[in-house]
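structure of the sequence below:
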Amino acid sequence: MSTIIHFTDNQVGILYKLWRNRCFGKGHMLIDNLLKGFPSHTIKDVKNDLDDLISRNIVVKKPTGHGYAVYINLEYKDVVF
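Have a look, this model is predicted:
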């Protein structure tokens, strides 16, 4: 039986951008680049939604030489889309 996970509009936008750029496991995107493209007045809400996805382990955060990067957890790849 599949599990239904509910996402906000910002979370869907975050996951879609990561999915479109093939950010799974080894492929990742810097958080600064992820936030580009969202309206400037919603960046704070998008950051909060990203933190929620990280705390739910749907998106994984890892340190890189240029800052923190994120990618979709492979365990949730099929659940996300």
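
nearest spatial neighbour of Ile5, skipping sequence neighbours?
Spatially, and ignoring its direct neighbours in sequence, Ile5 is nearest to Val79 (6.0 Å; Cβ to Cβ, 6 or more residues apart in numbering). In this view, the C-beta of every residue, glycine as well, is placed from N, C-alpha and C.

the protein: helices as residue ranges?
In the chain, the segments counted as helices under DSSP state H are 9-20, 31-35, 43-55, 77-80.

from Val70, how far off is Val60?
7 Å (Cβ to Cβ, to the nearest Å).

list residues touching both of the two?
Ile54 (Cβ atoms under 8 Å, 6 or more residues apart in numbering).

re earlier: can you tell me how far the residue nearest to Ile5 sits from Val60?
From Val79 over to Val60 the distance is 14 Å, taken as Cβ to Cβ.

can you list the low-confidence ranges for this structure?
1-3, 81 (pLDDT under 70).

go again with 80.
Scanning the chain for pLDDT under 80 picks out 1-4, 77-81.

Val60 contacts Asn73, correct?
Yes - the pair Val60 and Asn73 passes the contact test of Cβ atoms under 8 Å, sitting 5.2 Å apart.

got a list of contacts for stretch 38-46?
Under Cβ under 8 Å, 6+ apart, the answer for stretch 38-46 is 10, 13-14, 35.
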